[in-house]
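K.L.:
Model the following, please.
(one chain, ligands or ions: 2)
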Amino acid sequence: MERKIVIMDHPLIQHKLSVLRDEETGTYKFRALVNEIATLMTYEATRYLPLEDIEVKTPCGIAKCKKISGKTLAFVPILRAGTGMLDGVLQLIPTAKVGHIGLYRDETTLNPVEYYCKLPADIESRDVFVLDPMLATGGSAVNAISQIKLRHPKSIKFLCIIAAPEGLEVLKNAHPDVDIFCAHVDDHLNEKGYIVPGLGDAGDRIFGTK
Ligand code: PRP
Ligand code: URA
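P.N.:
Ligands and ions are numbered 1, 2, ... in the order given. Down below sits the predicted model:
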């Protein structure tokens with residue numbers, strides 16, 4: 001099957017993204033919006049999950065129904081900012097398992113530095129959604145996905161809110177089998193590796209650390 005790159009231009013997502021970007025939006029509202037956007041993105045990104053036929057006994061007869069095939073999903077947020085999306089995705093799929101990958105960007109080299117990785121034990125039987133609001137140089141996403149691939153999940157999808165064209169290209173080339181879902185592709189990266197116009201530092205805005 002051909003790999004998907006989906007830009008989610010649903011009006012609700014685009015509207016919430018505009019408020020999210022605003023430098024006047026404070027921590028409480030920012031955190032709520034990241035979760036709301038993540039919920040809406042999950043709704044769209046799970047549109048492609050395979051279904052299987054089942055029969056359900058209702059009080060009045062047998063209904064021919066569908067259910068999602070397989071052992072279903074695992075969500076893996078990239079620490080820290082990816083955890084801001086977690087409650088939002090779990091709103092729709094509360095039974096999913098959750099892994100965590102800890103990475104931060106070295107401020108001078110912009111290379112990702114690994115500090116944590118804990119994934120569900122049965123990840124090889126799950127479809128994995130990696131969560132991170134920002135795809136900038138692409139280093140963090142590529143590294144996180146490489147770590148997850150070592151554990152052979154059924155499939156991997158990457159969900160981000162804003163992507164830079166540079167990061168999108170890097171991720172597309174490094175992991176040609178990974179579907180990518182994002183709410184908007186912005187203009188470029190600045191000299192410090194920040195997405196322009198972007199929204200600033202997602203982790204700091206979610207957690208109020210600056
Ligand atoms: C941010 C963001 C991504 C990464 C993207 O995290 O949440 O993980 O930068 O940049 P890249 O595409 O150039 O790798 P950061 O490193 O600031 O860590 P934090 O979430 O702990 O603040
Ligand atoms: N990480 C962020 O949080 N924001 C950017 O613009 C780039 C990387």
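
K.L.:
near ligand 1, which residues of the protein show up?
P.N.:
Residues of the chain found near ligand 1 (C-beta under 6 Å from any ligand atom) are 78-81, 104-105, 110, 112, 132-141, 167, 193, 201-203. C-betas here are computed from N, CA, C, even on glycine.

K.L.:
of these, buried ones?
P.N.:
78-81, 105, 112, 132-141, 167, 193, 202-203 (16 or more other C-beta atoms under 10 Å).

K.L.:
Among the residues of the chain next to ligand 1, which lie within strands?
P.N.:
Of these, the ones assigned to strands by DSSP state E are 78, 79, 104, 105, 112, 134, 135.

K.L.:
Identify the residues contacting the third one.
P.N.:
With contacts defined as C-beta atoms under 8 Å, 6 or more residues apart in numbering, residue 104 is in contact with 79, 80, 112, 113, 115.

K.L.:
picking up where we left off before, kindly identify which of the residues of the chain next to ligand 1 also come near ligand 2.
P.N.:
Applying C-beta under 6 Å from any ligand atom to these, those adjacent to ligand 2 are 81, 134, 136, 193, 201, 202, 203.

K.L.:
Distance-wise, check the first one relative to residue 178.
P.N.:
When distance is defined by C-beta to C-beta, to the nearest Å, residue 81 is 19 Å away from residue 178.

K.L.:
ok, longest helix in this structure?
P.N.:
helix 27-45 (DSSP state H).

K.L.:
what does that one contact?
P.N.:
Against helix 27-45 from outside (C-beta under 8 Å, 6+ apart): 6, 8, 10, 12-13, 16-17, 19-20, 25, 84-89, 91-93, 129, 131, 133, 157, 159, 161, 179, 181, 183, 202, 205-208.

K.L.:
hmm, try it at 7 Å
P.N.:
8, 10, 12-13, 16-17, 19-20, 84-85, 87-89, 91-93, 129, 133, 157, 159, 161, 181, 183, 205-206, 208 (C-beta atoms under 7 Å, 6 or more residues apart in numbering).

K.L.:
Next, the buried residues of that helix.
P.N.:
30-45.

K.L.:
and of those, the nearest to ligand 1?
P.N.:
Using C-beta to the nearest ligand atom, residue 34 comes nearest to ligand 1 of the buried residues of helix 27-45, at 10.8 Å.

K.L.:
Tell me how far the closest one lies from ligand 2.
P.N.:
According to C-beta to the nearest ligand atom, to the nearest Å, residue 34 and ligand 2 sit 11 Å apart.

K.L.:
And the pLDDT for that residue?
P.N.:
At residue 34, the model reports a pLDDT of 98.

K.L.:
same deal with residue 71?
P.N.:
69.

K.L.:
For the residue in the chain that ligand 1 sits nearest to, list the residues it contacts.
P.N.:
Using C-beta to the nearest ligand atom, the single residue of the chain nearest to ligand 1 is residue 203, 2.5 Å away. Counting by C-beta under 7 Å, 6+ apart, residue 203 touches 80, 81, 209.

K.L.:
quick one, what contacts the second one?
P.N.:
With contacts taken as C-beta under 7 Å, 6+ apart, residue 81 has the following neighbours: 132, 133, 134, 202, 203, 206.
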